[in-house]
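Chemist: Fold the stuff below for me.
(one chain, ligands or ions: 2)
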Amino acid sequence: MAERISLIGVGVMGEAILTSMLPTVDAGGVRVADGRPEHARTRAAALGVQAADSNTEAVTGADVVILAVKPKDIGGVATEIAPALAPGAIVVSVAAGISTAYLASRLPAGTPVVRVMPNTPATIGAGVSVLSAGEHATGDHLDQVASLLAGTGAVHRVEESYQDAVTAISGSGPAYVFYLIDALAEAGVLGGLSRELARDLAVQTVAGAGAMAQQTGEHPVVLRERVSSPAGTTVAAIRELDERGVRAAVIAAAETVRLRSIEMGRELAD
Ligand SMILES: NC(=O)C1=CN([C@@H]2O[C@H](COP(=O)(O)OP(=O)(O)OC[C@H]3O[C@@H](n4cnc5c(N)ncnc54)[C@H](O)[C@@H]3O)[C@@H](O)[C@H]2O)C=CC1
Ligand SMILES: O=C(O)[C@@H]1CCC=N1
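Modeler: Numbering: from 1, shown residues only. Ligands and ions are numbered 1, 2, ... in the order given. Okay, here's the model as predicted:
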């Protein structure tokens, strides 16, 4: 029998996951709900899935329930849906900083909870999702969730204690890359290029460099050295980046995310 999937929270990440899943799941078995019911109806109609009028209606009879609401809302949603969950239903959370224990304490005893950190390139199947099992989630539960998320892109598994570090790299990471694209494009405009050309050059450069790092498997330093001709242009740019502390700034930014993720979990647990 096809899986019945419920998605609570049709926002940026919820819709990205839903879109990527749809080619491989039976859309007729997917039901969504959102705090904005009209939004849920509109998006459900556009994507060919069902909309429910409430979170409890959405989860009734579901085999897998995906919670894609904000961290501050997820505890309330877990408490709300608990009485309506089918025995054995898997609850999947994508909320940054929220532990499986925090959710399990609000769900029926023994509920398998799987924590996932996805990222927005999931929308085009080029994301990466990292899974961790809560206390009652088995290897089979993880396999089931991994296969549901296969359309989002790559899927990895880590111990839950590493999820804050994952959030710092791949969860928030697309924003750092978009920031770099924007800065590169701005430099092109400064150099006299049209905005359109500058943006295309920046986007294609980031896409090409990412694909090259992925396909060759070479260390990024080796790839960077191949661009840097002796006494040439690139080596001068890298020295400038180093002098301005860009490498240290990137590491510090990611570390701030990791600490913020830990802090968010603690704030809500208090
Ligand atoms: N945006 C991103 O790049 C990523 C987000 N996440 C996680 O995904 C979750 C959602 O984030 P976004 O999609 O960015 O936020 P969002 O604000 O776009 O989506 C949240 C959705 O939840 C709905 N909602 C709020 N309260 C609700 C309730 N009580 N019941 C049902 N629906 C409710 C909102 O109407 C909204 O559509 C967060 O927990 C975040 O940590 C994880 C990885 C990446
Ligand atoms: O900014 C956030 O809190 C979410 C989690 C990871 C990416 N976006």
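
Chemist: how about low-confidence regions in this protein?
Modeler: Counting by pLDDT under 70, the chain shows low-confidence ranges at 1-2, 270.

Chemist: Show me what from it comes close to ligand 1.
Modeler: 8-14, 33-36, 55, 68-71, 73, 77, 94-96, 117-120, 171 (C-beta under 6 Å from any ligand atom). (Each C-beta comes from the backbone N, C-alpha and C, glycine too.)

Chemist: Return the members of the residues you listed classed as buried.
Modeler: Neighbour-count burial (16 or more other C-beta atoms under 10 Å) applied to those gives 8-10, 13-14, 33-34, 55, 68-69, 71, 77, 94-96, 117-120, 171.

Chemist: follow-up on the earlier one: could you list which of the residues of the chain next to ligand 1 belong to strands?
Modeler: Judged by DSSP state E, the residues of the chain next to ligand 1 include 8, 33, 117 as members of strands.

Chemist: If we only consider those, which is nearest to ligand 2?
Modeler: Met117 (7.0 Å; C-beta to the nearest ligand atom).

Chemist: Apart from its chain neighbours, what residue comes closest to the residue of the chain found nearest ligand 1?
Modeler: Closest contact between the chain and ligand 1, by C-beta to the nearest ligand atom, is at Gly11 (1.7 Å). In space, and not counting its chain neighbours, Gly11 is closest to Ala68: 6.4 Å by C-beta to C-beta, 6 or more residues apart in numbering.

Chemist: For that neighbour, give its distance to Gly14.
Modeler: Separation of Ala68 from Gly14 (C-beta to C-beta, to the nearest Å) stands at 3 Å.

Chemist: what helix or strand is Leu131 on?
Modeler: In the assignment (DSSP states H and E), Leu131 maps to strand 127-133.

Chemist: Can you pull out the residues in contact with the helix or strand following that strand?
Modeler: Sequence-wise, the next helix or strand downstream of strand 127-133 (DSSP H and E) is helix 139-148. Applying C-beta atoms under 8 Å, 6 or more residues apart in numbering, the contact partners of helix 139-148 are 3, 5, 21, 24-25, 64, 90, 92, 112, 114, 116, 131, 133, 155, 157.

Chemist: got any residues that touch both of Ala68 and Gly14?
Modeler: What both Ala68 and Gly14 touch, as defined by C-beta under 8 Å, 6+ apart, is the set 7-8, 94.

Chemist: before we move on, the earlier item: nearest to Arg41 among the contacts of helix 139-148?
Modeler: Arg41 lies nearest to Ile5 out of the contacts of helix 139-148, by C-beta to C-beta, at 17.6 Å.

Chemist: tell me the phi and psi of that closest one?
Modeler: As for Ile5, its main-chain torsions (degrees, to the nearest 10) stand at phi -120, psi 140.
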